[in-house]
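> sequence and predicted model, in that order:
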Amino acid sequence: LNRSHLVTGRRAVILPTLGRTDRDLRGGVEQRVSVEDSMGAVHGSRGRLAPPAADMLSEVAILARLSALLFPTDASARSFGQHPVHDGNHDRGYPEHSPQDEREPKAGSPAPGTAANHPRADWGALERDYSQIRRHIEHVVPGFEEYDRRIARGRTLTLPNGPRDDLSFATETGKAVFTVNALEYPVIPDGRLLLQTLRSHDQYNTTIYGRDDRYRGIHGGRRVVLVNAEDIAQLGFAENQIVDLVSEWRRPDGTLEERRAEEFRIIAYSTPRANAAAYYPETNVLVPLDSTADVSGTPTSKSVIVRLEHRDAS
């Protein structure tokens, strides 16, 4: 769970769903989703793992069924075996439409992509065949021409990028705009380290595919803390020793808040002096909830003051 799942309004609904690595069959047909990498390239993805439960739904199925309840149409009613619902659009003579209709809207009909034509979607059809969603996207988002066909052929769709494609910038001057940010020099108390959290090679965000990290030569485990060899000696520890990581955060009222992550193995690594690194999400517990970046408000996961403790001292 993310923290946002737990900090809600008066009511919250948490629904389990199929992940991208789970096999997703709709009507006996294996469905494909698309994902974008950090380079702006979109490619198709199909899960290969057996679903955790036979009745677990995909995100698409959940949203389609919720939408059918919130924006009912005759098409959706037929798809889900419900009684036809006249939502007003049909009473005004608007027919059900297809992606082709979005490309060539009829005179007098609502403009494509507006709220006026949105409720006429056949939610059941979108749930049964994800390719229909991509065909709709083709007519809405620039750069997604022949989206579904390219994904189906196993090709990568590279999203438009002005600076890369033709050196164009969407700024007032038409040129790149640089910003200058003040450098921050955190004060690290004696006997403490400045911890940054990071990912391993076998990891995508919080999804962990393996226990190795060939980037850094770590094998067979993730509960490790990378520390400069001189700091290890100065702090009175030894490589491969098991320690607890304890973060220290001074609240605005002056009180000291401590958070603990247990049983990490010390690895000598070429980090700068007084700095350390460890993998997340194992070390997310160390990040104070009140410690956030000044502008973005994101957690300060790259700047956490910690101390190492012998296991017998905890």
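All right, it came through fine. Numbers count the residues shown, from 1 in each chain.
> what ranges do the strands span in this structure?
25-26, 29-30, 33-36, 41-45, 157-158, 193-198, 203-204, 207-208, 224-227, 242-250, 256-268, 275-279, 304-310 (DSSP state E).
> of all the ones you listed, which one is nearest Ala176?
strand 157-158 (20.6 Å; CB to CB). C-beta here means a position set from N, CA and C on the backbone, and glycine is covered the same way.
> what helices or strands is the closest one leaning on?
strand 41-45, helix 147-152 (3 or more CB pairs under 8 Å, 6 or more residues apart in numbering; DSSP states H and E).
> how about the contacts made by the closest residue to Pro51 other than its chain neighbours?
Leaving aside its sequence neighbours, Pro51 sits nearest to Asp22 (CB to CB, 6 or more residues apart in numbering; 4.9 Å). By CB atoms under 8 Å, 6 or more residues apart in numbering, the contact list for Asp22 reads Gly47, Leu49, Ala50, Pro51, Pro52, Met56.
> one more pass at 10 Å, please.
For Asp22, the contact set (CB atoms under 10 Å, 6 or more residues apart in numbering) comprises Arg46, Gly47, Arg48, Leu49, Ala50, Pro51, Pro52, Ala53, Met56, Ser58.
> contacts only, for the second one.
In other words, Gly47. Neighbours of Gly47 in contact, by CB under 10 Å, 6+ apart: 18-25, 30-33, 58.
> ranges for the helices of the protein?
With helices called from DSSP state H, the chain shows them at 3-6, 59-70, 74-79, 99-103, 123-128, 130-138, 147-152, 162-166, 229-234.
> show residues contacting the last one.
Which is helix 229-234. Outside helix 229-234, the residues touching it (CB under 10 Å, 6+ apart) are 190-191, 193, 225, 228, 237-239, 241, 266-276, 308.
> any idea how far that helix is from the chain center?
Distance of helix 229-234 from its chain centroid, counting by CA atoms, centre = their mean, to the nearest Å, is 36 Å.
> tell me the buried residues in it?
Using 16 or more other CB atoms under 10 Å as the test for burial, helix 229-234 gives Asp231, Ile232.
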